[in-house]
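Chemist: when you get a sec, could you give me coordinates for this:
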Amino acid sequence: MREKILSIIEKNSRVDLKELAVILGTEEIEIVNEMQAMEEEGVICGYHTLINWEKTSLEKVTALIEVRVTPQRGQGFDTIAESIYKYPEVNSVYLISGGYDLLVTLEGKSLKEISAFVSEKLSAQESVLSTATHFILKKYKDHGTILAKKFVDEREKVTP
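Modeler: All right, here's what the predicted structure looks like:
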């Protein structure tokens, strides 16, 4: 039942618990107890709202930063990752395979603000060997949700 609950709430965290119980053929109290247990165990880590910031007046820039680091003896990448994810600008930090070690996503008000963060806070760390910054210009799909709908011409065809 756990995996079924997780699959449903991953797509819609606002699903009504009574509705979820009906979908899964169980009692609402079982759903409540299972979700509470998963929150306590750290299986469910939070509930988030996906916002298309391009449709608001707020200026926001998102960047993906590839970071090469020197892992620390006995601690690997964990201590370095922790020193990075503690910054409020940082949305996520992933250990990745390939030419870089960590992938950091962050948000700022401008390209200049993000560039300053990378040069003053991220690159300045002793373990950081190099960084590569990629700015997101447009989001087409995020967390499984299509943000940029395909343009459909709804004009009537005029034929002679």
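Chemist: distance of K150 relative to I51?
Modeler: Distance from K150 to I51, counting by CB to CB, to the nearest Å: 21 Å. All C-beta atoms are positioned from the backbone trio N, CA, C, and that covers glycine.
Chemist: for E34, give its distance to I44.
Modeler: Where I44 is concerned, E34 sits at a distance of 10 Å (CB to CB).
Chemist: more neighbours: which of K150 and I51?
Modeler: Neighbour count, other CB atoms under 10 Å: between K150 and I51, I51 has more, with 12 against 6.
Chemist: am I right that that one sits in a strand?
Modeler: No. Per DSSP: H, G, I helix; E, B strand; the rest coil, I51 lies outside any strand segment and is coil.
Chemist: let me know the pLDDT of it.
Modeler: pLDDT recorded at I51 is 82.
Chemist: what distance do you get for it to K139?
Modeler: The value you get for I51 to K139, if CB to CB is used, is 11 Å.
Chemist: for E28, same thing?
Modeler: Counting by CB to CB - E28 and K139 are separated by 36 Å.
Chemist: T62 now?
Modeler: Per CB to CB, T62 is found 8 Å from K139.
Chemist: ok, E30 - contacts?
Modeler: M1, A21 (CB atoms under 8 Å, 6 or more residues apart in numbering).
Chemist: how near is it to M1?
Modeler: 8 Å.
Chemist: what do you get for K18?
Modeler: Look at K18 and M1: by CB to CB, they are 16 Å apart.
Chemist: count of neighbours near K11?
Modeler: K11, neighbours per other CB under 10 Å, totals 11.
Chemist: tabulate the CA atom coordinates of the strand or helix carrying L106 in PDB.
Modeler: Using DSSP states H and E, L106 maps to strand 102-108. Output in PDB follows, covering the C-alpha atoms of strand 102-108 (Å, rounded to 0.1, in the frame of the first residue of the first chain):
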ATOM      1  CA  LEU A 102      28.000  17.400  -7.900                       C
ATOM      2  CA  LEU A 103      25.000  19.100  -9.700                       C
ATOM      3  CA  VAL A 104      23.700  22.100  -7.800                       C
ATOM      4  CA  THR A 105      20.500  23.900  -8.700                       C
ATOM      5  CA  LEU A 106      19.900  27.400  -7.400                       C
ATOM      6  CA  GLU A 107      17.700  30.400  -7.900                       C
ATOM      7  CA  GLY A 108      18.400  34.100  -7.800                       C
END
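Chemist: please name the strands paired to it in the sheet, noting orientation.
Modeler: strand 61-69 (antiparallel), strand 90-95 (antiparallel) (DSSP bridges).
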